[in-house]
Each structure stands twice: as C-alpha cells, then as structure tokens.
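Q: Mind looking at a prediction? Sequence and model below.
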Amino acid sequence: MRRSMRSRSSETGFTLIELLVAMVVGSIIVGAAFALLTTSQRALKVNEQVVDMQQNVRMAMELLSRDVKMAGFGAPNATIGNCTSSIVPSDQNLAGADTGSDSVQLLVPTTRADGANRWTLRNATTANGVTQIDLQTGGGGAVADMVSSGLAVGSYITIGGAATAQVTSVNAGSNTIGVTMIPPPLWFQVEDPIYLLQCIRYQIVQLPDAGNLCLGGAPCLTRGVAGAAGPNAEAPIAQGVEDLQLAYACDGCVALINSGIPDGIIDDQNASNSFDQGDFISNNTWATAPLMPDKIQMVQIAIVARQLQNDQGIGESDKGAMGSGLLTVNADRTLPAVQNYRRRILMKTVETRNVGL
C-alpha cells in the first residue's frame, strides 16, 4: 500500500489553473495571428487597387497625349466627322468653373505598320497623278482590314502625310482604293504608309453608366468615333478615370499681341511677361477669330483616376479606410472630398505637332 501511494504521489501533470492560463495565452496568439493575416490580406488588396489605378491613369495619359501630338497629321481642308478642325475643344462649363469633365475631339491618323495586312502601298505610283492606290494582299487583305476600322466611300486617307485625298471607291477583293486625283509630280514608293483620318473623341462616362459602356468599370475614359458603331465606335480605354480637364495655350490668338499673327511664342494671356499657368485657356468656344483651334500650340491635360472598389481599410473594420480630400485639378475644376476611395492625378503638357500647319 505504501508503495502504491508513493507511486501515485510521484506522478506529475497540469493543474486546472495552468490549463486555463495556457488556453488564454494560446487564444491571444491565435487572435494576433488572425488579425495580422487579415491586415496583410487587406493591405495586399489595397496595394493592388492602387497599382491598377496608377496604371489606368498612365495608360489614359499615354493614349491621349499621343493623339494630341498627331492631331492634324495629313489633315485636308475639309470637315471629317465632327472635326471641323484638327482639335475641337469642349469645355464642360463655358460660363465658369467646371462641375464635370471636359471632352475633346481630335483628327488623328490610324495605320497598321506591320504584318501581312499592313496598310502600305503594294505598287509604286507614277508622277502622272494618282486616282487609285494598291494595298497589300496578304492575310485577309489590307483594304478589308481598313474597312473594319472605318474606311468607307467619303473617308479621307493620306499617303505618308504628304498627300491627302478623299476615298471615291473601295474594292476589298482587289485590295484597291479609288481616290480623288492626287496631282503630279508626287511619286510614292512601295511600302509607303497609308493612314486613315478619323475624328476621335475622348470623354468620361460616369456612373451609373446605364449603357454599360465602361464594362463594369465606371467611371471610365472612352475613345472612338462619336456616334459610330462597330470596331471604331467609342470604347473604354481606361477604367476608374473619373475626371478629365483640358486647357490650351496658343500663339496668335490675342489681337493685341503681334496683331494676332503667330510669332512662335505662346501668347502671354495674363501679361506676366513670362510663360505660366495663366497662359492656358479653358473656358472658350474656340469659334471666334482670333481664338481659333489652329492657333493652339500646347494642351495641358489633367486626368484623375480612382479606385474601382471602395477602400475597406487595412484593419478588421472600415475605420482604417483611406479616402481622398478636396482635390484641386486645375483652376477650372475642384473635386469634392470622398471617404470611400483613393485618387491619383496625373498632369502633362503636350506640344502639338501638326495643328495650324
């Protein structure tokens, strides 16, 4: 009996208090690990949204600035679509500060520089004048490809920007395009590029986007031929873009400066004797001389993008959500503060290359 009692007294184990303490400590560790995991997951999601937002605003700026630079390339002395000039500004509120986004229409060239269906001459022309041009026949044919991009009778094309003509006939089977006479002595070589001139509009589509033009990513920036259907119709190029503001600097649009004659120097709109922000014009119709679109030499572009989803913060509740304060886009536009999503603004001043030539 004594031996049995001795054996039992030598056995060891955890007391109830020790078990309770271990459970409490374990719960604290598990809770901390879960909180850390939740925070990490939310932080990763927020970072992904911020990266997407930055990529969207950069993509939008790249496309718009490229078209501004090319606006007017090979432009004829004619109206194409809604473009009565190479740049057609449209300020949201001509009477004062904007309460919405601006838009703009640009006369820009489209081409396909490589591949079997590249838009280039198949045969050289002669110096006797041109009424028909032959394009590449590989693949489905360059002319058919141009038709899918909007080419039709009445369109305007330009050969390398050197000669522009209106289309009189389209024959996809023989890959030929009939054009109004391009007079001699112009002579074009094999593989000289052909450009289709189109009036492209950039505009912001806001929520609720009843037509689903933004494909679930409203607000968005769209690009395309206004009112057109098919491949060249307006389509989203950057989702989450909520505001576009445009201002223009010109040369020769002030009658009191060099008698309104362009002199290669941006007009000093605010008489500051220096080139500054005050020399950019926003609220104007650009329809009354000397303030005409062909005088525009610079375009200041401001694009604002936002997160596509509301910011849920990085904690276990929404208390850590990061919104955006009052945002001054430019002197013509201020966006109100929001609590549910972050914003990014990108600004760039682009020189025109072909406007007014």
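A: On my side now, so go ahead.

Q: Please enumerate the helices of this structure.
A: 2-9, 16-70, 142-148 (DSSP state H).

Q: Can you find the helix or strand in the protein with the smallest mean pLDDT?
A: helix 2-9 (a mean of 52; mean pLDDT, DSSP states H and E).

Q: circling back: ranking the helices of the chain by mean pLDDT, which is last?
A: Sorting the helices of the chain by mean pLDDT places helix 2-9 lowest, at a mean of 52.

Q: For the protein, which residues score under the pLDDT cut-off?
A: Scanning the chain with the threshold set as pLDDT under 70 gives 1-12, 34-50, 311-322, 356-357.

Q: Break it down into its structural domains.
A: Using automatic domain parsing, the domain parsing of the chain gives 45-77+85-106+200-357, 112-192.

Q: Of all those domains, which one is nearest residue 25?
A: Residue 25 sits nearest to domain 45-77+85-106+200-357 of all those, at 21.1 Å, using CB to CB. From N, CA and C alone the C-beta is placed, and that goes for glycine too.

Q: How about the residue most central in space within the chain: what's its closest non-neighbour residue?
A: Centroid-nearest residue in the chain: residue 60, 2.5 Å away (criterion: CA atoms, centre = their mean). Distances taken as CB to CB, 6 or more residues apart in numbering place residue 238 nearest to residue 60, at 3.8 Å, with adjacent residues excluded.

Q: List the beta-bridge partners for the one you found.
A: Under the criterion DSSP bridges, residue 238 forms beta bridges with residue 221.

Q: Now do the contacts for it.
A: By CB atoms under 8 Å, 6 or more residues apart in numbering, the residues touching residue 238 are 56-57, 59-60, 63, 220-221, 305.

Q: And for residue 176?
A: 132-135, 143, 169.

Q: mind running it again at 6 Å?
A: By CB atoms under 6 Å, 6 or more residues apart in numbering, the contact list for residue 176 reads 132, 134.

Q: what's across from it in the sheet?
A: Counting by DSSP bridges, residue 176 is bridged to residue 134, residue 171.

Q: separation between it and residue 26?
A: Per CB to CB, to the nearest Å, residue 176 is found 81 Å from residue 26.
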